[in-house]
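[1] got a structure for you, letters missing:
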């Protein structure tokens, strides 16, 4: 091999390597997409944000950019194959070309290749978009990826997905706003059983009990603003005693709970929705419902505060409240309900 032939061989190898590297970089290019939805980009563009207007053009032509990328990648691959054959001969050249064709896709995922591709694309993106806008006929001939329409593809497919997006909207919504929206979205799906005060935590008073000083003291210690008044047991509620109404009671006069209670009692089924419960509270102008099951047995209490808290996702502080969550207290079983010494769960 002569001097000129050796130089030509080195030149062809160098050219093949450079072309192959360029092939890797071009195939590793990924068009940049905005983190905003099309609706938000249009809104910002209408407000005069130049970046939003450019982002809209970028989104509009993203598939055309991919089409051009495919064209350039195909051309570079043809050049690499031709150079391999011309440089190394048919047998070695074809094997090398086959290796290049099969491996360039995976090799383009290397970190340094991705970095080079990102840097290159940042410099050529604007000229490419300008070319696409000025040469629509050429782009239509080269287009291999269907052009994206003006419809936003970012559909929300479930209530849970919408709640997830709201939960992760820091910087757009405050914590209180996120909580309010998320809880209002799940409000319709909740039933009374999920938020009521359970039967085991119901504090009550018999209708025949006298409201003397000791009894009044004990009532205030319960931490409740309203107590059901029972006849025989908790399944026979005959009225509601309002603790606030006892403040003006003359403790010198002996009076029973039956004489001081409100006789009107409202019942609601445990499987009713919270929307139904809220409508019932508004219709009856009452603040406490007795929750019953299908057999009319008392299973819990539901207050207007419980429903409002479930709607807004925030605790309402009541001056009579003693516990933050009576369901949590009930789960701890402070009364040791059905817990004899030799109990066993099956």
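    Arrived safely, thanks for sending. Note that the structure is predicted; figures quoted are calculated from it, not measured.
[2] can you pull out the helices in the stretch 101-250 of the chain?
    For the stretch 101-250 of the chain, applying DSSP state H, counting those that start in this stretch gives helices covering 111-134, 136-142, 159-167, 175-185, 213-221.
[3] residues of the shortest one that come out buried?
    Of the residues in helix 136-142, residue 139 count as buried by neighbour count, 16 or more other CB atoms under 10 Å. Just so you know, the C-beta spots here come from the backbone N, C-alpha and C atoms, and that holds for glycine as well.
[4] do the third one as well
    Across helix 159-167, burial judged by 16+ other CB under 10 Å covers 163, 166.
[5] just checking, what packs against that helix?
    On a contact count with 3 or more CB pairs under 8 Å, 6 or more residues apart in numbering; DSSP states H and E, helix 159-167 meets helix 175-185.
[6] now for the helix it packs on, which elements pack on it?
    helix 159-167, helix 304-312.
[7] angle of it against helix 304-312?
    On the basis of axes from the mean of the first three to the mean of the last three CA atoms, to 10 degrees, helix 175-185 is oriented at 100 degrees to helix 304-312.
[8] distance from helix 175-185 to the middle of the chain?
    11 Å (CA atoms, centre = their mean, to the nearest Å).
[9] also stretch 13-24?
    Worked out by CA atoms, centre = their mean, stretch 13-24 lies 46 Å from the chain centre.
[10] same question, stretch 273-280
    Per CA atoms, centre = their mean, the centroid offset for stretch 273-280 relative to its chain is 25 Å.
[11] which of the residues in that stretch are buried?
    274, 277, 278, 280.
[12] hmm, back to that, and the helices of the stretch 101-250 of the chain: which comes nearest residue 242?
    In terms of CB to CB, the element of those nearest to residue 242 is helix 213-221, at 10.5 Å.
[13] walk me through the domains of this protein.
    3-142, 192-331 (automatic domain parsing).
[14] mean pLDDT lowest for which of those domains?
    Lowest mean pLDDT of the domains of the chain: domain 192-331, a mean of 81.
[15] and the buried residues of stretch 273-280, which is closest to residue 262?
    residue 280 (16.6 Å).
[16] for residue 288, see how far away the closest one is.
    11 Å (CB to CB, to the nearest Å).
[17] give me the common contacts of the two.
    residue 266 (CB atoms under 8 Å, 6 or more residues apart in numbering).
[18] what about residue 146, how many residues nearby?
    Counted by other CB atoms under 10 Å, the residues lying close to residue 146 total 8.
[19] can you pull the pLDDT of it?
    76.
[20] give the contact list for it.
    residue 63.
[21] same question for residue 65.
    31, 125, 128, 129, 132.
[22] give me that answer again for 7 Å
    31, 128 (CB atoms under 7 Å, 6 or more residues apart in numbering).
[23] beta partners for the nearest residue to residue 263 once chain neighbours are set aside?
    For residue 263, ignoring the flanking residues on the chain, the nearest one in space by CB to CB, 6 or more residues apart in numbering is residue 239 at 4.8 Å. Taking DSSP bridges, one obtains residue 229 as the residues bridged to residue 239.
[24] hmm, back to that, reformat the helices and strands packed on helix 175-185 as TSV; add distance to residue 38.
    Below are the helices and strands packed on helix 175-185 laid out as TSV (distance: least, CB to CB, whole Å):
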stretch	distance to residue 38
helix 159-167	16
helix 304-312	32
